[in-house]
Every structure is written in structure tokens, then in C-alpha cells.
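In: Build the 3D model from these lines:
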Amino acid sequence: MTTESAKTRISIIGGTGALGSGLALRWAKAGCQVTIGSRDSERAVVAAVELSEKAGVMIAGSKNNEAAEAGDIVVLTVPFGNHQDTLELVKPYVAGKIVIDVTVPLMPPKVRTVQLPEAGSAAKASQLFLGEDVRVVSAFQNIAATHLADLDHHIDCDVFVCGNDPAARAAVVELAKKAGMKGWQAGRIDNSAVAEALTSALIFINAHYKIDGAGIRVTGTPLATETH
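Out: Presented below is the predicted three-dimensional model:
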């Protein structure tokens, strides 16, 4: 099944949180088949019912492991503190799949200061742990959850899409478009460090200038599509 299909099955691990819920709403509204996962299956089902009512289309809810098994594309939207445990949970179910890692290595209380993990980025750690048969793509770290949750809000923020597999990057660029965002292929998974680190800077900017969801834009007009 390709991302061009209206029946693309997307499972969002940690999908009851603000960021996961917002992505679920937008992808479901765009025609994708969405399942949100949670460590608590009852919580997932209750949240899915609420999101379904808001989106006007069906969104399913289940435990994280069941969601990971069901999805063609698996999206990680969990706090950094739960990142490794989540990787261990989903690993048996994601071989051959695209895994979109939205994790930002925020380490309270200093969330306005960049603190990248030993691997260089959370997404790079995911790729190393899950193995080369899993196509990890980093994206959506710099989008305000409140903007995602408002289906009438035009998201004036671009998305850096990083990963080692060009076709997987291209697929995620298309998913960004489905959700009302402009995605840019930004190189290999190592480059995820840029987007992950930028989040702390944006949090600082939001607080310092009283902005509700500062974002980034890429300037310039593409003359060709880079595929390597």
C-alpha cells in the first residue's frame, strides 16, 4: 500500500497526546486510515471516539503494540523519556515499514536549551536500534500541537524531513502535504539533529516574544527535486 492511497494505514504511537492527536485528526480528515495507540487501551478508545467526532471520520484506538502491528506507517509521538521503551515495544512489528519519529530530546526543566542524545539525535538513535530494514524518517518536530488540532488553522510552518531512504522521505513529504504542511527533504537521518535542536530554540522564542507557536519557513524556489 502506498502513501498515495486514500486507505493508507497510519498508526500513531502515543497518539492520545496533543501532537499525536493533532496529526491523527489531519490525516484522518485527508482520507487516511488512522489508529491511535496508547499504553492504556481504554484511554486510546475513548480518545479515538472524541477525535472521530471532531474529524467527522472514523479513527480507531488500541494499545500501542496492536497499533504498531496494524500500521503500514508507524509514527512515534512520545516524550523523550519514553522513547527507548517505545522503540523496544514497536521493534517486533515494524520490519520493512516506514517509522516516522517525531520525538524531540527535551530534558526538563531545561527545555529551552538544546540537549541532543549520545547518538546525535533521537531519530538517529531510532534508526540504530530498529535496524536498517526499518526506514526511519524524522519529521514534524517543529509544528505546534495546538495548530494541528485546529483543523481550520493554516499551518504557516515548514517541515524538515530526514531519513536514509529517499523514497521514504518522499512518502513523508506527501503525508505532510495531506496534513496541510509543506515538507522538505533535508537529507539523511543524521540531519534530524537540526530539527530536534531547533525545537528548543523555538520554545525560547515563543516564551521571549509571546508567540503562539513560532515556526520555520524555507525560502527560495525549487528548480529540481533532489532524490539522493
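In: all strands for the chain, in order.
Out: Under the criterion DSSP state E, strands of the chain are mapped to 9-13, 33-38, 59-63, 73-76, 98-101, 135-138, 158-163, 182-185.
In: Turn the ones you listed into TSV, columns for mean pLDDT, mean neighbour count and distance to Phe129.
Out: (Glycine included, C-beta is placed from N, CA and C.) Output for the strands of the chain, formatted as TSV (pLDDT from 0 to 100; neighbours: other C-beta atoms under 10 Å; distance: least, C-beta to C-beta, whole Å):
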stretch	mean pLDDT	mean neighbour count	distance to Phe129
strand 9-13	98	28	14
strand 33-38	98	28	18
strand 59-63	98	23	21
strand 73-76	98	28	12
strand 98-101	98	28	10
strand 135-138	98	29	9
strand 158-163	98	25	15
strand 182-185	98	18	23
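In: Please tabulate those in CSV, including the columns distance to Leu89.
Out: Shown next, in CSV, are those (distance: least, C-beta to C-beta, whole Å):
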stretch, distance to Leu89
strand 9-13, 8
strand 33-38, 9
strand 59-63, 9
strand 73-76, 10
strand 98-101, 12
strand 135-138, 15
strand 158-163, 21
strand 182-185, 27
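In: what's the closest of these to Ile216?
Out: strand 158-163 (5.8 Å; C-beta to C-beta).
In: Touching that closest one from outside, list them.
Out: 123, 135-143, 169, 172-173, 176, 181-192, 194-195, 215-218 (C-beta atoms under 8 Å, 6 or more residues apart in numbering).
In: Next step: those residues restricted to helices.
Out: 123, 169, 172-173, 176, 192, 194-195 (DSSP state H).
In: which of these lies closest to Thr8?
Out: Distances from Thr8 to the ones in helices among the contacts of strand 158-163, taken by C-beta to C-beta, are shortest for Val172, at 11.6 Å.
In: residue contacts, the closest one?
Out: 3, 98, 100, 137, 139, 161, 163, 183.
In: ok, the nearest residue to the last one once chain neighbours are set aside - how many residues close by?
Out: Here the nearest residue to Gly183 in space, its sequence neighbours aside, is Ala176; by C-beta to C-beta, 6 or more residues apart in numbering that works out to 3.3 Å. When neighbours are defined as other C-beta atoms under 10 Å, Ala176 has 23 of them.
In: go on, the one 10 residues further on?
Out: Number of residues near Ala186 (other C-beta under 10 Å) recorded here: 20.
In: Over to the one 10 residues further on?
Out: Counted by other C-beta under 10 Å, the residues lying close to Glu196 total 30.
In: Can you tell me how far it is from Val74?
Out: Remark: distance between Glu196 and Val74 (C-beta to C-beta, to the nearest Å) = 19 Å.
In: Please apply the same query to Lys54.
Out: 23 Å.
In: And the pLDDT for the residue nearest the centre of the chain?
Out: Closest to where the C-alpha atoms of the chain average out (C-alpha atoms, centre = their mean) is Val102, at 3.7 Å. The model reports Val102 with a pLDDT of 98.
In: Please apply the same query to Ala224.
Out: In this prediction, Ala224 has a pLDDT value of 76.
In: dump the residue contacts of it.
Out: Counting by C-beta under 8 Å, 6+ apart, Ala224 touches no other residue.
In: For Val46, which of the strands of the chain is the nearest?
Out: Nearest to Val46, of all these, is strand 59-63, at 7.4 Å by C-beta to C-beta.
In: Partner strands of that closest one, with direction?
Out: When pairing is defined by DSSP bridges, strand 59-63 lines up against strand 33-38 (parallel).
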